[in-house]
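Trainee: I'll drop the sequence and a predicted model, then ask my questions.
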Amino acid sequence: MLANDYSICVIKTLRTKLWFSSILVQLNSLTGSLYLHDLAHKMLASMAMRLHQLMNDVESYSLQSSKQHVIGYMMRELPENSQNSNNIVLTLSSNKGVIASRLNLTQEHFSRTLNELTTLGLIQVDGKKIHIAGSATFFL
């Protein structure tokens, strides 16, 4: 009888081990599918944000003036903590030709627009740095 009880215990132990290993395999596959689900979700969110940005760009190209393009660009590029200060310095992230292309403007038109904003007293351009006057923050 002892041998029979022992074999029953071994069988139950093996069944338990198989059950636990089966659960571990299922958990591993579930974790993998959750990872893929999370990855797919992040990819779709990123694509949706990019599509939204492109739609806004097309809308602004067709409905806004060059001044509005440039001011909108400067608003997007301002650091968050500087929007309440009186004297803001914006450093351009790339050269003016690349920024003009991004705004669907020629480099010459972009420069003329910056000169117009300078003439209005809203900004001062110093190479890659644009100084935004304190009174101009009301317009931005």
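Mentor: Thanks, I have the structure now.

Trainee: how deep is residue 124 tucked in, by neighbour count?
Mentor: By the criterion of other CB atoms under 10 Å, residue 124 has 15 neighbours. Yep, even glycine has a C-beta here, placed from its N, CA and C like the rest.

Trainee: Look up which residues are beta-bridged to it.
Mentor: As for beta bridges, residue 124 partners with residue 131 under DSSP bridges.

Trainee: what sits against it?
Mentor: Residues in contact with residue 124 (CB atoms under 8 Å, 6 or more residues apart in numbering) are 118, 130-131, 133.

Trainee: At which residues are the helices of this structure located?
Mentor: For the chain, the helices defined by DSSP state H occupy 2-63, 66-77, 96-102, 107-119.

Trainee: quick one: the closest residue to residue 86 other than its chain neighbours from residue 115, how far?
Mentor: Excluding the flanking residues, the one nearest residue 86 by CB to CB, 6 or more residues apart in numbering is residue 134, at 3.6 Å. Residue 134 is 21 Å from residue 115, where distance means CB to CB, to the nearest Å.

Trainee: same question, residue 103
Mentor: Residue 103 sits 15 Å away from residue 115, going by CB to CB.

Trainee: Same check on residue 87?
Mentor: Residue 87 is 21 Å from residue 115, where distance means CB to CB.

Trainee: coming back round to it: put the buried members of the contacts of residue 124 into a PyMOL selection.
Mentor: A single PyMOL command is used to select the members of these judged buried by 16 or more other CB atoms under 10 Å:
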select buried, resi 130+133
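
Trainee: which one of the contacts of residue 124 sits closest to residue 94?
Mentor: residue 130 (13.3 Å; CB to CB).

Trainee: now that closest one: how far from residue 44?
Mentor: Using CB to CB, residue 130 is found at 36 Å from residue 44.

Trainee: try residue 109
Mentor: Applying CB to CB, the value for residue 109 to residue 44 is 36 Å.
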